[in-house]
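Asks: Would you be able to build a 3D model of this:
(4 chains)
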Number of protein chains: 2
Amino acid sequence: MSKADLLPGTLDLLILTTLKRAPLHGYGIAQSIKRVTDEVLTVEEGSLYPALQRLLLQGWVKAEWKVTETNRRARYYALTPAGRKQLGMEVSKFEQMMAAIGRVLADAGEA
Amino acid sequence: MSKADLLPGTLDLLILTTLKRAPLHGYGIAQSIKRVTDEVLTVEEGSLYPALQRLLLQGWVKAEWKVTETNRRARYYALTPAGRKQLGMEVSKFEQMMAAIGRVLADAGEA
DNA sequence: TCCTATACATAGGTGAACTAGGGTTCCGAA
DNA sequence: TTCGGAACCCTAGTTCACCTATGTATAGGA
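Replies: Predicted structure coming up:
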């Protein structure tokens, strides 16, 4: 059945999109996605942190240690200009694919 | 950049949807998807045939050797009742996820 | 005769996401 | 006061879907 917490291939998109509003720490990113989607999409920590490492390596985000409102050390991630550009590309690629899949689904609908 | 011929996790959905219209052989499935999506989505044979094997094993499709209009031996795949039911579940799951991702994208749009 | 399109299939590699853990600090309740 | 839970960070190992590359074979046109 494959439970699947999210659609494969969309994790980077979700993270970058979430960071577009404001810099956020890892835990906050996961909470944000869960909250906005009413828990339809949940990002496991074991998926999230490796993904953030990849994004750091590629220069799409940068990280900075700060203190949270709850007086805790946390690593805040922020979009870089390159990341913002990358996000734009991923969004349009994603929308293109969604449209294509929609055509397949619609095509099967008609007789 | 990741070329990505299709969105991971959507291959079964695309195959089953394509078979909903009528039974079809593997090559025809790939052609159909490519044609309907204007080549946005392309299914590699190395992805397609293993996927069909999985679908056979799970009983969602059945296969039958026939002769094509071009006088060739080909294996025609058809949806089973279980496959039709599975397709329904996958479609609704997919739509739910699309809606959720849409909310994340929209949420970032507003200030 | 040779090339292209049609057609099926598998082996091997890759890489993203999941499972399953390990660790720290802050705070409230018992 | 200690104990548990929530807020945080992170990695090792596994799995599995998909891709790359390759091999086979036949029909039909140039």
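Asks: can you give me the strands for chain A?
Replies: With DSSP state E as the criterion, chain A has strands at A:24-25, A:61-67, A:73-79.
Asks: Quick one: mean pLDDT over the first one.
Replies: Meaning strand A:24-25. Model confidence over strand A:24-25, given as mean pLDDT, is 96.
Asks: Note down every partner strand of it and its orientation.
Replies: Sheet pairing for strand A:24-25, assigned by DSSP bridges, gives strand A:73-79 (antiparallel).
Asks: contacting residues around the partner strand?
Replies: For strand A:73-79, contacts defined as C-beta atoms under 8 Å, 6 or more residues apart in numbering or on different chains pick out A:16, A:19-20, A:23-29, A:52, A:55-56, A:60-68, A:87. Where C-beta positions appear, they are placed from N, C-alpha and C, glycine not excepted.
Asks: Can you say which of the strands of chain A is packed in most?
Replies: Most buried of the strands of chain A, by mean neighbour count (mean count of other C-beta atoms under 10 Å in any protein chain shown): strand A:24-25, with a mean of 20.
Asks: Does that one reach DNA strand D?
Replies: Yes. For strand A:24-25, a contact with DNA strand D is found by C-beta under 7 Å from any atom of the strand, at residue A:25.
Asks: and residue A:28, what pLDDT?
Replies: So residue A:28 comes in at 96 (pLDDT).
Asks: Name whatever forms a beta bridge with the residue nearest to it when sequence neighbours are not counted.
Replies: Of all residues not flanking residue A:28 in the chain, residue A:74 sits nearest, at 7.9 Å (C-beta to C-beta, 6 or more residues apart in numbering or on different chains). Beta-bridge partners for residue A:74, by DSSP bridges, are residue A:66.
Asks: Cool, thanks, talk later.
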